[in-house]
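> I would like to see how this sequence folds:
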Amino acid sequence: MTQLKQQIDKFETVADNNYYFENQKNMKDFKSANKAQIRYIQLLKVVFGLFILTLSLSKNAMAQEKVQMVRLAKIKVDPLQLDKYNNAIKEQMATAIRLEPGVLTYYAVADKSDPSHITILEIYADTAAYQAHIITPHFKKYKEAVKDMVKSLELVDVNLIASAKQPSL
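Predicted coordinates:
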């Protein structure tokens, strides 16, 4: 208690900088008498900062450990119904992205030499997001609409190795 009282007795609140500079000797005496406590407080600040940083990094690592589901859908469409199919897939993709937070990315591309060969890259937050997606009304509507247009469908689950994009995209 005596040590605490000494620290309180030496604590000053100054009205302005002029008063502080006029009484700077008192502040120097206070700092030299309490160097150990000041260093300890600085050390605590550093340790606390490192703790927060570690917590943040571990939270990011945990988020990254949640495995996204990445799939390629290789589709052969009846060439006579290609325009109808393209409209149906565009509508389904736009609706899923708008309504489902677990649907992260869709890219549908057509083979230049045979536009009826379509490949869709689908990325979901996780398998649960995919399972939720395939029971939505808009996905069921799409499946019903295209059932006679699709000649073949191959679903290939893949692992994302790397991705890159321009910062503005």
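
> measure residue 125 to residue 115 for me?
Remark: distance between residue 125 and residue 115 (C-beta to C-beta, to the nearest Å) = 31 Å. Where C-beta positions appear, they are placed from N, C-alpha and C, glycine not excepted.

> of these two, who's got more company?
Each of residue 125 and residue 115 had its neighbours counted (other C-beta atoms under 10 Å), and the higher figure belongs to residue 125 (18 against 13).

> isn't the more buried one right next to residue 70, touching?
No - applying C-beta atoms under 8 Å as the test, residue 125 and residue 70 come out as separate, 10.9 Å apart.

> Quick one: the strands in the protein, in order.
For the chain, the strands defined by DSSP state E cover 69-77, 103-110, 117-124, 150-158.

> quick one: which of the ones you listed is nearest residue 166?
Residue 166 lies closest, by C-beta to C-beta, to one member of the strands of the chain: strand 103-110, at 15.3 Å.

> helices or strands up against that closest one?
Using 3 or more C-beta pairs under 8 Å, 6 or more residues apart in numbering; DSSP states H and E, the elements in contact with strand 103-110 are helix 82-99, strand 117-124.

> rerun at 10 Å
Under the contact definition 3 or more C-beta pairs under 10 Å, 6 or more residues apart in numbering; DSSP states H and E, strand 103-110 sits against strand 69-77, helix 82-99, strand 117-124, helix 127-133.

> quick check: angle from it to strand 117-124?
If you take axes from the mean of the first three to the mean of the last three C-alpha atoms, to 10 degrees, strand 103-110 sits at 170 degrees to strand 117-124.

> Pull up the pairing partners for strand 103-110, direction included.
Using DSSP bridges, the strands paired with strand 103-110 are strand 117-124 (antiparallel).

> can I assume residue 109 is in contact with residue 121?
Yes - between residue 109 and residue 121 there is a contact at 7.9 Å, judged by C-beta atoms under 10 Å.

> More neighbours: the two, which one.
The neighbour comparison of residue 109 against residue 121 (other C-beta under 10 Å) goes to residue 121, with 15 against 11.

> Flag the shaky bits of the protein, pLDDT-wise.
By pLDDT under 70, the low-scoring segments of the chain are 1-34, 44, 49-51, 56-66, 169.

> Could you list the domains of it?
Here the domain parsing of the chain from automatic domain parsing is 2-63, 66-158.

> Check those domains for me and report the most buried one.
Across the domains of the chain, the average number of neighbours (mean count of other C-beta atoms under 10 Å) peaks for domain 66-158, which reaches a mean of 15.
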